[in-house]
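K.L.:
Have a look at this prediction, sequence included:
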Amino acid sequence: MGRRIVLAAIISMVLLTVLAARWQSVSGQADTTRQTTIVVPYTEYEWWLILWQGNQILCRILVDHSGLPTPGEVLKYCGEAYYEEWLNTPPCPQAADAKQNSTYCIGAYLHLVSTRPAQREVTIDLPSPTVLLTLDGCTPKPPENLCTSIPALVFTGKEPLPNERITAIHGVYGDQPFTCPGSVCRLPLKSTPLAGVPVEFWADSSYGDSSEHFTAQVRVIDTGVNNVPGGGGWYVDVISSQWAGPPLASCSRIWQALPPIGGPPTWLATPDRPEFLASGAPYFYLAGRLISQGVVDAKACATGGLQPNGYADACGLEAAKPVLIPWQNLFDQRLITVAKESGVPAQLMKNLFAQESQFWPGMFRVRFEYGLGQITDAGADSILLWNDAFYEQFCPLVLAEDTCAKGYLHLSSDEQALLRGAVAIQANADCPTCSAGIDLSNADFSINLFAQTLQANCAQVGQTIYTATQLSPGAVASYEDLWRFTVANYHAGPGCVSFAIYQAWQSSAKLTWDTVSARFTEPCKGVVPYVNKITGR
């Protein structure tokens with residue numbers, strides 16, 4: 001995933017401890033801890049630690065499980081001296097034979113004295129109340145999110161405890177407080193500034209506490225064509241972790257960044273039909289692989305259709321065209337499906353795959369870079385560190401669950417390396433026994449992996465910006481430029497991007513692609529044309 005640069009790696013190491021802390025919302029949060037105590041029955045096992053010589057009882061051990069007490073339990077009840085005595089006790093063969101005298105044995109042994117039913121109190125956490133957001137009067141359809149009339153914002157409180165209820169919903173819309181009794185609050189919207197209006201909201205419960213304070217950004221913009229029959233309306237956007245309407249673009253939610261009014265540019269679009277993603281570019285590398293793998297017959301070309309570097313020459317490209325164009329569009333339907341599931345734009349992923357692999361998912365051009373998006377062992381760090389959902393699902397497939405529970409940052413270097421390698425291999429579509437040497441079904445499947453990797457890079461960029469500015473990413477950078485920073489982070493790594501963002505903010509207090517791209521260090525500057533080509537700059 002991008003050719004990692006030595007300087008970038010060094011800078012990244014300096015910033016790693018800062019960036020590893022997940023970016024969190026800066027809004028205040030209420031104390032929502034709920035606990036209760038329950039009585040749990042169990043069987044208590046009483047053991048004695050006894051000296052072989054003289055049968056002196058050294059200590060009493062109480063445990064709640066069958067089998068011998070664990071060494072830790074012996075240490076807890078008996079202290080270090082008796083624990084060491086027991087731990088260093090040699091085997092006593094005489095004890096197994098009733099005819100022999102075990103008093104000649106040395107050290108201490110464990111003896112089960114009794115079992116009896118018992119009870120204990122256990123404190124458990126209870127689920128907290130929450131509030132969900134929807135719209136009434138319109139169901140905006142991405143990407144335009146157009147409504148024919150201004151809808152109302154509906155807050156719905158949810159109380160998970162039986163016999164308890166939501167008593168009120170409170171909030172602040174812009175600078176105007178509001179309160180509604182009961183579990184539902186309907187707030188009529190009105191036109192907002194271009195940046196939208198912040199909303200803070202929470203719910204009170206009959207349990208005697210409140211939910212955490214949630215936030216949203218709401219934007220309602222007149223289309224300006226209300227005098228045209230069938231053309232009027234409002235663009236309505238809502239960004240919140242509590243949104244329960246149609247799926248939001250995932251990175252938009254991470255950044256708290258509103259998309260462009262009326263929908264994103266083409267390079268950030270997700271069309272409904274694959275034909276709108278179709279391309280017909282003259283990919284010399286892809287044509288060369290198709291010739292080399294016997295998919296295309298270029299024997300009529302003087303050089304067999306290939307250059308010394310494995311790319312097709314002009315004759316080979318012409319021979320490959322009947323296969324080349326369908327091949328580069330093989331994955332379009334899957335791209336659309338994954339985009340709608342993940343919120344990562346389909347056109348962006350297609351543009352990125354074109355740059356990274358020219359849609360050849362096998363390993364050839366660069367060693368140890370895999371799949372359509374050319375992910376590397378080192379590049380897999382991003383998805384494991386910044387995409388919690390992916391880590392929690394993937395790690396137990398490779399390591400023990402109790403090991404995974406420690407979190408990626410707390411794994412040993414060997415365990416981290418094993419996970420990174422496993423992620424990279426997931427993207428590898430090489431298959432010697434398959435047609436063209438490629439497992440197309442695995443390449444198709446891996447598109448979701450790359451979408452989740454881009455989501456991880458969204459989060460990493462979000463943390464970088466928040467650390468540099470102490471502001472949410474959406475407050476200091478546009479939706480389009482945040483995606484440009486994310487593509488740069490994917491290709492060149494966080495070292496290059498972090499340094500440039502910090503320098504741009506310190507010198508100009510502006511985070512645009514122009515201000516940031518001008519501050520990449522010399523070894524990192526190659527990422528600028530890469531991003532510009534993908535994003536149509």
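P.N.:
Thanks, I have it. None of the values given here were measured: they were computed from a predicted structure.
K.L.:
hey, let's count contacts and neighbours off CA atoms from now on
P.N.:
OK.
K.L.:
Just the pLDDT for the spatially most central residue of the chain.
P.N.:
By C-alpha atoms, centre = their mean, the chain has its centre lying nearest to Asn387, at 1.9 Å. At Asn387, the model reports a pLDDT of 91.
K.L.:
distance of the closest residue in space to it that isn't next to it in sequence from Cys147?
P.N.:
Nearest-residue entry for Asn387: Ala456, 4.9 Å, with adjacent residues in sequence omitted and distances by C-alpha to C-alpha, 6 or more residues apart in numbering. From Ala456 across to Cys147, the span is 32 Å (C-alpha to C-alpha, to the nearest Å).
K.L.:
Ok, Pro345 next?
P.N.:
22 Å.
K.L.:
The two: who's more crowded?
P.N.:
Of the pair Pro345 and Cys147, Pro345 is the one with more neighbours under other C-alpha atoms under 10 Å, namely 24 against 20.
K.L.:
Quick one: low-confidence residue ranges for the stretch 201-350 of the chain.
P.N.:
For the stretch 201-350 of the chain, residues meeting the criterion pLDDT under 70 lie at 225-231, 249.
K.L.:
meant to ask about the stretch 51-200 of the chain
P.N.:
95-103.
K.L.:
Show me the strands in this protein, by range?
P.N.:
When assigned using DSSP state E, the strands of the chain occupy the ranges 35-51, 57-63, 108-125, 130-136, 146-147, 152-158, 166-173, 176-181, 184-188, 197-205, 214-222, 234-239, 369-370, 375-376.
K.L.:
Dump those strands into JSON lines; add distance to Gln426 as well.
P.N.:
Compiled in JSON lines, the strands of the chain are given as follows (distance: least, C-alpha to C-alpha, whole Å):
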{"stretch": "strand 35-51", "distance to Gln426": "42"}
{"stretch": "strand 57-63", "distance to Gln426": "45"}
{"stretch": "strand 108-125", "distance to Gln426": "37"}
{"stretch": "strand 130-136", "distance to Gln426": "36"}
{"stretch": "strand 146-147", "distance to Gln426": "39"}
{"stretch": "strand 152-158", "distance to Gln426": "39"}
{"stretch": "strand 166-173", "distance to Gln426": "45"}
{"stretch": "strand 176-181", "distance to Gln426": "50"}
{"stretch": "strand 184-188", "distance to Gln426": "45"}
{"stretch": "strand 197-205", "distance to Gln426": "41"}
{"stretch": "strand 214-222", "distance to Gln426": "36"}
{"stretch": "strand 234-239", "distance to Gln426": "33"}
{"stretch": "strand 369-370", "distance to Gln426": "9"}
{"stretch": "strand 375-376", "distance to Gln426": "10"}
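K.L.:
Pick the most deeply packed of those.
P.N.:
Of all those, strand 369-370 has the most neighbours on average by mean count of other C-alpha atoms under 10 Å, namely a mean of 27.
K.L.:
Test my guess that Phe499 contacts Glu522.
P.N.:
No. Between Phe499 and Glu522 there is no contact, the gap being 11.9 Å when judged by C-alpha atoms under 8 Å.
K.L.:
Need the residues touching each of these two.
P.N.:
Counting by C-alpha atoms under 8 Å, 6 or more residues apart in numbering, Phe499 and Glu522 have no common neighbour.
K.L.:
domains for this protein, by residue range?
P.N.:
35-93+104-125, 130-246, 281-320 (automatic domain parsing).
K.L.:
Go through those domains and name the closest to Gly379.
P.N.:
Gly379 sits nearest to domain 281-320 of all these, at 22.8 Å, using C-alpha to C-alpha.
K.L.:
and that closest one, which residues are buried?
P.N.:
282-292, 295-298, 304-306, 310-320 (16 or more other C-alpha atoms under 10 Å).
K.L.:
I'd say Tyr104 and Gln53 touch.
P.N.:
Yes. Counting by C-alpha under 8 Å, Tyr104 touches Gln53, with 6.8 Å between them.
K.L.:
if I pick Gln347, what's in contact with it?
P.N.:
Gln347 neighbours (C-alpha under 8 Å, 6+ apart): 266-270, 277.
K.L.:
now swap in Gln242 and tell me
P.N.:
Neighbouring residues of Gln242 by C-alpha under 8 Å, 6+ apart: 131-133, 214.
K.L.:
If we only consider the residues you listed, which is nearest to Ser472?
P.N.:
Phe214 (14.9 Å).
K.L.:
Quick check: that closest one vs Pro361, distance?
P.N.:
42 Å.
K.L.:
Kindly report the same for Asp64.
P.N.:
Distance from Asp64 to Pro361, by C-alpha to C-alpha: 55 Å.
K.L.:
Equivalent analysis for Val184, please.
P.N.:
50 Å.
K.L.:
and what of Pro396?
P.N.:
Noted for Pro396: a distance of 26 Å to Pro361, by C-alpha to C-alpha.
K.L.:
what's the answer for Ser114, then?
P.N.:
Distance from Ser114 to Pro361, by C-alpha to C-alpha: 65 Å.
K.L.:
Also Pro265?
P.N.:
For Pro265, the distance to Pro361 - C-alpha to C-alpha - is 27 Å.
K.L.:
Between these two, tell me which one has more neighbours.
P.N.:
Taking other C-alpha under 10 Å, Pro265 and Pro361 do not tie; Pro361 has more neighbours (27 against 13).
K.L.:
quick one: contacts for the more buried one?
P.N.:
Taking C-alpha under 8 Å, 6+ apart, one finds 370-374, 428-430, 438, 443 in contact with Pro361.
K.L.:
between those, which is closest to Cys251?
P.N.:
When the contacts of Pro361 are compared against Cys251 (criterion: C-alpha to C-alpha), the nearest one is Gly373, at 18.7 Å.
K.L.:
residues near the closest one, how many?
P.N.:
A total of 30 residues lie near Gly373 under the criterion other C-alpha under 10 Å.
K.L.:
Which residue, other than its chain neighbours, is closest to Pro198?
P.N.:
In this structure, Pro198 finds its nearest non-sequential neighbour in Gln217, 4.6 Å apart by C-alpha to C-alpha, 6+ apart.
K.L.:
thinking the one you found is in contact with Ser241, fair?
P.N.:
No. Under the criterion of C-alpha under 8 Å, Gln217 makes no contact with Ser241, lying 10.3 Å away.
K.L.:
Low-confidence stretches in the stretch 351-500 of the chain?
P.N.:
For the stretch 351-500 of the chain (pLDDT under 70), the answer is 364-366, 378.
K.L.:
and if we set it to 80?
P.N.:
Scanning the stretch 351-500 of the chain for pLDDT under 80 picks out 363-368, 376-379.
K.L.:
For it, just list every one of the helices.
P.N.:
Along the stretch 351-500 of the chain, counting by DSSP state H, counting those that start in this stretch, helices occupy 380-386, 388-394, 401-404, 413-426, 440-469, 473-476, 479-492, 494-508.
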